[in-house]
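**Q** Give me the fold of what follows.
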Amino acid sequence: MRLKKQQSGILNQLLLYSPILLCIMIMLPRLVSPQFGLFDDGNSLITAQKITHGVWDMRVDYLSGRFRPIYWLFFTLFYWLFGKNPFWYFLGNTLVFSITAFCIIQLVLVISKSRLQAWASGILFVLAGPTIENYYTLSKGEPVQVGFLCISLLGITAYTLYEGRWKRMAVILATASAILLSDMTKEMSLVLLPISLVWFLASWLGLKRSQDQLGLITCRAYLTSNVISSVAFVALRTYYVTMGVTGGTYAGNYILSFSHFLASILRWAGWLIHDFSYIVPLVIILLIVYLFEKRLLQSALLFNTLVWMGAWVVAYLPWALMAEYYMLPFTVGISVFGGILIPQAIEKLTSPDRRKRMGVGIGLGFSVLLLLVTLMNNVSNARIQLAVDAANSEMLGYVIGNIPPNSAVWVNIQGPNEYTDEIEMHLAKVKDRPDINFDIFKFQTVAIKDDSNPQNYYIIAPEIMNQPLLVARLGVQESSQKNWNGSLQGYMGDNWKTVYATEHHFRLLNIDLPRLFCPFMRFLNYCSSPVPSIDRRIFSYGWKVYNLTTP
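**A** Numbering: from 1, shown residues only. Sure, this is the predicted structure:
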């Protein structure tokens, strides 16, 4: 009997933490096909190399006015241990992904005492759209940032477990340390200070109604931790970065105008519909049940998740652009929100009221269906990321291994962006080919040298076809690249020959739910693009390398 109980207990624990196993399964394709990307990875490798050689200057972000030493040190740790092997960096992302999922599960379990709610919260986080781009790439600060944020939230729950003053102070300082590490990974973590203030005020104002004395004490402790960490961050930043908070190029990306806010709200709405539409039926169920029963279960916890989500949206509205990977902190809140609602809805399926059972069942059915749509989109998103990174790596491998010394290499991305900067960085500093004369293609005149010292000319050109709109951010856009490649063909004539080509393709399964609202928003550029709502086209991405064979 005791053995059966032990086996049952182990099985329950495995089921509770099964989202962590799902993290590993999601990351397996990335671990099988690991490549450095062309978004900041080259810069991160070079910075890590400097730090490992004793250049501990945290002013690497001086021109941008940023202070994020943990972001750089995290990358440096893997460079110091494993060098330039990308597999280990993605294994690190897998570890961070798993730790974050564990913290979310454990946090909800401690607060709600419900294993089902804890498991559901973990599952929704692991399967969320923003996790793919964040953990499938290496240059994003959000995974480590959110990891420390979740550690801080879980850590503060231990505050009321101790009676002694010094033990409680130790919990506050440990929590403040986790928040500070998050701040020093990405400065946006400072939004935790107003979040914790709202949580404390709401708990204080609602104390007489809820009698939740422990909740008030915990919120006060978390606010204290945030005050300590914020003061420490500002002090450290002031010491290491002489430029003011509003100085530098980074702060210039904040745009305070009504038109920008409106455009940003529309972008956020598009991504929310794309990634989290499954939450809508759950909210409708919640409202209908509330109208019938005149009570709201776990209202304080639901309110806190809404504050968390709202704060992150407001913090990013002024930002110059909107990308899916920015939503990872928001994802923590909406995953817990959904994880709390799902078991509440399931419980209503046992209601004696037939109409209530039927309504809840229909709502849950729609929620599951929309979640499956999100999963299909995530698979396409992940495959796009793998295809693009593989093709970029293959192109760089050819250029580095086959192009003669002192050759001229021009890239046909005529609007300079991060890809052009990163290709030059990878060639010159990461792959040790500084002899290559790299430039952006701008219809240069070929300079013929004497026969004894000929100049080799190469053009590298990306090609992309059937690019979905709401996917991982890429350094090329289909419409622009087609125009640039067309002008390139007119320039080259018969003297340029294709010497290398690589291409990856697969059939998409992408369901573009935001496009359903286009009949009401025809003024948006997004709605003017001829992309089908159910996208089953063949996505293709690759490179061609051309060589000037005849002067």
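**Q** Strands of this structure, residue ranges please.
**A** Remark: strands assigned in the chain by DSSP state E are 408-411, 437-440, 457-465, 496-507, 510-511, 534-535, 538-548.
**Q** So which of these is nearest residue 262?
**A** Closest to residue 262 of the strands of the chain is strand 510-511 (C-beta to C-beta; 26.3 Å). Every C-beta, even on glycine, is put in place using the N, C-alpha and C of the backbone.
**Q** which other helices and strands contact that closest one?
**A** helix 354-402, strand 534-535 (3 or more C-beta pairs under 8 Å, 6 or more residues apart in numbering; DSSP states H and E).
**Q** buried set for stretch 103-121?
**A** For stretch 103-121, the neighbour count (16 or more other C-beta atoms under 10 Å) marks 103-109, 111-112, 114-121 as buried.
**Q** Quick check: which ranges of the stretch 51-200 of the chain have low pLDDT?
**A** In the predicted model, the stretch 51-200 of the chain carries pLDDT under 70 at residues 57-60.
**Q** Who are the contact partners of residue 80?
**A** 48, 52 (C-beta atoms under 8 Å, 6 or more residues apart in numbering).
**Q** Next one: the spatially closest residue to residue 18 that is not a sequence neighbour from residue 104, what distance?
**A** Nearest non-adjacent residue to residue 18, counting by C-beta to C-beta, 6 or more residues apart in numbering: residue 119, 7.2 Å away. According to C-beta to C-beta, to the nearest Å, residue 119 and residue 104 sit 10 Å apart.
**Q** pLDDT-wise, which helix or strand of the protein ranks last?
**A** Here the helix or strand of the chain ranked lowest by mean pLDDT, DSSP states H and E is helix 207-210, holding a mean of 61.
**Q** Could you give the separation of stretch 11-25 from the chain centroid?
**A** Distance of stretch 11-25 from its chain centroid, counting by C-alpha atoms, centre = their mean, to the nearest Å, is 22 Å.
**Q** avg pLDDT for that stretch?
**A** Mean pLDDT, stretch 11-25: 93.
**Q** Can you give me the buried ones in it?
**A** Using 16+ other C-beta under 10 Å as the test for burial, stretch 11-25 gives 16-20, 22-23.
**Q** mind checking which of the strands of the chain is nearest residue 390?
**A** Nearest of the strands of the chain to residue 390, taken as C-beta to C-beta: strand 496-507 at 5.7 Å.
**Q** for that closest one, which positions count as buried?
**A** The neighbour-count check on strand 496-507 (16+ other C-beta under 10 Å) flags 496, 500, 502, 504 as buried.
**Q** Local confidence estimate at residue 402?
**A** The model reports residue 402 with a pLDDT of 93.
**Q** doesn't residue 500 make contact with it?
**A** Yes - if you go by C-beta atoms under 8 Å, residue 402 and residue 500 touch, sitting 7.3 Å apart.
**Q** Please tell me how far residue 244 sits from residue 234.
**A** From residue 244 over to residue 234 the distance is 11 Å, taken as C-beta to C-beta.
**Q** So those two - more neighbours on which side?
**A** When neighbours are counted by other C-beta atoms under 10 Å, residue 244 and residue 234 differ, and residue 234 comes out ahead with 14 against 10.
**Q** In contact with the more buried one, which residues?
**A** Residue 234 neighbours (C-beta under 8 Å, 6+ apart): none.
**Q** Also residue 278?
**A** Residue 278 neighbours (C-beta under 8 Å, 6+ apart): 338, 367-368, 370-371, 374.
**Q** same check, this time on residue 315
**A** The contact partners of residue 315, by C-beta under 8 Å, 6+ apart, come to 188, 191.
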